[in-house]
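Enquirer: Got a predicted structure plus its sequence, pasted below:
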Amino acid sequence: MNTTFFQKLRACLNQYALALLLGWFATVPVQGADADLSKQPARPSPAWLDQAVVYEVFTRNFSQEGTFNAITARLDELQDLGVDVLWLMPIHPSGQKNKKGTIGSPYAVRDFMSVNPDYGTLADFQRLVQEAHRRGLKVIIDIVANHTAWDSVMMAHPEFYQTNQAGEILPPNPDWVDVADLNYDNAGLRRYMIDMLKFWVRDVGVDGFRCDVAYMVPTDFWETAREELQEINPEVIMLAEASQPELLLKAFDMDYSWPLHGALNQVLGQGAPASDLRKSWEESRSRFPRGSLHLRISDNHDEARAVARFGIKGALAAQVLMLTLDGVPLFYNGMEVGDATESGAPALFEKLPIYWEPKERPPLRDIYRDLIRLRREYPAFTNDRVIWLENSQPANLVTFMRLEGNDEFVVVINLSNRPIVGSVKVMHAGEFRPVSIAGAPPPADARLPLFELGDFEWRIYHRSAGQ
């Protein structure tokens, strides 16, 4: 037996398995991969949503108190940052039967019609919604429509659940041991869930929903729910945690850009060429309905924090990309201060609050505030026109143009940990000037097409064609 051969084979298989795992976000979440709906229009969404910035709040870990009132106390800071939509991760009581960790996952919901008493009362939550509205902020809540906790109040209706031949209720998949799978073949369940959604919009005043694993729930359920919710609020917001083109035809305003997020992880974490980001963007554009709106994410509750995955400079560069591409950028739970407290496991199951004053961070809040202001001031950043530009180092650089009317912007981002001297191919290159961003180092007074960038450095250039 050739031992060396089998050692090499085992090593190759291990590397292949690791590559599959690391590429998960770029592949698995793209449901309906054979569908090409690019010739059909996406459902029209409220005009303001194209210009929005979403902030995800994990109530338990947003503060030491872990309450609705603690969020209300920081609304002025969130408004000052420039966010428009607050998305609260599940606010409902968490199941205790078969729970994970000490506290249990917020995505194992015991009762969709009530709030977690650890967070406060329904009146506390309604005050949070009212105070957010007073500041011009929208509030959406997480809805986990695919499954419930094992001690859910809905267990009084076993017909609401998926069962095996022996009549035993099943989890959605073997790894999700803390939740039980709902059965959307049951008309009673559908009515229950739609009435529940209507309660939160009509009686509590939320502006919409972020729908967990939306692709695991039948599309026709979401379409029916959308029709009934719009009768209450014509501008209700529906965000799908999915990357499935058909969901954006009638049911949802936007979805997750999981494929782009997967490509970002590969580029910054595994040394894939930066040009893969353009490739991912173009593949999505070729598959999704025209005008589809995607949530642009570099940090979220499903994995380690961006500053842990990419380092401080890399995390900032990644979020600059999300803020300057088309779509709706997401901020997550203390991201604006560079918080590195764990997310995903174990944070979903334990108390791990944000540390609001971490050391040795650049002035991220100032930088992000100014970038959001730039988005708000110039429609070039909130339309769906992205012109990818050729550059001299496609393995390390992303370069693209955003334009509207007389305003043209060129975005240059070094996604490597090495300084770069490069060039970009763009018309009227000498007329572009670097944009000053508060908190960021003063831009060099250099004109395109040539530039020098430090590791993970980025720059935005502006040209007014009318001058």
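Expert: Happy to help now that I have it.

Enquirer: Need the distance between the two termini of stretch 451-461.
Expert: Taking C-alpha to C-alpha, to the nearest Å, the first and last residues of stretch 451-461 lie 11 Å apart.

Enquirer: same question but for stretch 429-444, I mixed them up
Expert: Stretch 429-444: ends 15 Å apart by C-alpha to C-alpha.

Enquirer: buried sites along it?
Expert: For stretch 429-444, the neighbour count (16 or more other C-beta atoms under 10 Å) marks Ala429, Glu431, Phe432, Pro434, Val435, Ile437, Ala440, Pro443 as buried. (Glycine included, C-beta is placed from N, CA and C.)

Enquirer: if I look at the first one, how far off is Lys279?
Expert: Separation of Ala429 from Lys279 (C-beta to C-beta, to the nearest Å): 25 Å.

Enquirer: is it true that Arg210 touches Asp142?
Expert: Yes: assessed by C-beta atoms under 8 Å, Arg210 is found in contact with Asp142 at 5.1 Å.

Enquirer: Overlap in contacts, those two.
Expert: Trp87 (C-beta atoms under 8 Å, 6 or more residues apart in numbering).

Enquirer: Got phi/psi on Val412?
Expert: phi -130, psi 120 (degrees, to the nearest 10).

Enquirer: if I pick it, what's in contact with it?
Expert: Taking C-beta under 8 Å, 6+ apart as the test, what Val412 contacts is Asn391, Leu397, Val398, Thr399, Gly422, Val424, Phe451, Leu453, Trp458, Arg459, Ile460, Tyr461.

Enquirer: Now with 10 Å, please.
Expert: 389, 391, 397-400, 420, 422-424, 426, 434, 448, 451, 453, 457-461 (C-beta atoms under 10 Å, 6 or more residues apart in numbering).

Enquirer: Buried ones among the residues you listed?
Expert: Buried among the contacts of Val412 by 16+ other C-beta under 10 Å: 389, 391, 397-400, 420, 422-424, 426, 434, 448, 451, 453, 457-461.

Enquirer: who's in contact with the nearest residue to Ala251 once chain neighbours are set aside?
Expert: Setting aside the residues directly before and after it, Ala251 is nearest to Trp222 in space (C-beta to C-beta, 6 or more residues apart in numbering), at 3.7 Å. Contacts for Trp222 (C-beta under 10 Å, 6+ apart) come out as 145, 209, 211, 214-215, 238, 240, 242, 246-247, 250-252.

Enquirer: State the pair within the residues you listed that is farthest apart.
Expert: Greatest spatial distance among the contacts of Trp222 (C-beta to C-beta): Phe209 and Glu246, at 18.2 Å.

Enquirer: So which of the two has more stuff around it?
Expert: Phe209 (25 against 20; other C-beta atoms under 10 Å).

Enquirer: May I ask you to confirm that the more buried one belongs to a helix?
Expert: No: according to DSSP: H, G, I helix; E, B strand; the rest coil, Phe209 belongs to no helix; its state is strand.

Enquirer: what pairs with it across the strands?
Expert: Applying DSSP bridges to Phe209 gives these bridge partners: Ile141, Met238.

Enquirer: Where does the record place the domain boundaries for this protein?
Expert: Annotated domains of the chain cover 27-381, 387-464 [automatic domain parsing].

Enquirer: okay, the ones you listed in CSV with mean pLDDT next?
Expert: Output for the domains of the chain, formatted as CSV (pLDDT from 0 to 100):
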stretch, mean pLDDT
domain 27-381, 95
domain 387-464, 94
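
Enquirer: which residues are contacting stretch 161-172?
Expert: With C-beta under 10 Å, 6+ apart, stretch 161-172 has contacts from 98, 146-148, 150, 152, 154-155, 158, 160, 177-186, 189, 213, 216.

Enquirer: in which helix or strand would I find the residue nearest to Ala251?
Expert: Using DSSP states H and E, Trp222 falls within helix 219-232.

Enquirer: in that helix, what counts as buried?
Expert: Thr219, Phe221, Trp222, Glu223, Thr224, Ala225, Arg226, Leu229.

Enquirer: quick one: the closest residue to the fifth one other than its chain neighbours and Thr148, what's the gap?
Expert: Put plainly, it is Thr224. Spatial nearest neighbour of Thr224, excluding adjacent residues (C-beta to C-beta, 6+ apart): Ile194 at 6.7 Å. Using C-beta to C-beta, Ile194 is found at 16 Å from Thr148.

Enquirer: next one: Val424
Expert: Counting by C-beta to C-beta, the gap from Val424 to Thr148 is 51 Å.

Enquirer: Repeat that for Leu277.
Expert: In terms of C-beta to C-beta, Leu277 sits 37 Å off from Thr148.

Enquirer: and those two? which has more neighbours close in?
Expert: When neighbours are counted by other C-beta under 10 Å, Leu277 and Thr148 differ, and Thr148 comes out ahead with 26 against 23.

Enquirer: Give the pairing partners of the helix or strand harbouring that one; include direction for each.
Expert: According to DSSP H and E, Thr148 maps onto strand 147-149. Paired neighbours of strand 147-149 in the sheet (DSSP bridges): strand 179-181 (antiparallel).

Enquirer: now what about the partner strand, what contacts it?
Expert: 95, 97-100, 105, 107-109, 144, 146-152, 154-155, 158, 160-163, 169-173, 216.

Enquirer: Which ChimeraX command selects the buried ones in the residues you listed?
Expert: Per 16+ other C-beta under 10 Å, the buried members of the contacts of strand 179-181 correspond to this ChimeraX selection:
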select :95,98,99,100,105,107,108,109,144,146,147,148,149,150,151,152,154,155,160,161,162,169,171,216
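
Enquirer: Of the contacts of strand 179-181, which belong to strands?
Expert: Using DSSP state E, the members of the contacts of strand 179-181 that fall within strands are His147, Thr148, Ala149.

Enquirer: Pick the one among the buried residues of stretch 429-444 closest to Gly314.
Expert: The closest of the buried residues of stretch 429-444, once distances to Gly314 are taken by C-beta to C-beta, is Ala440, at 15.3 Å.

Enquirer: was I right about the closest one contacting Asp366?
Expert: Yes: here Ala440 reaches Asp366: they are 8.3 Å apart, a contact under C-beta atoms under 10 Å.
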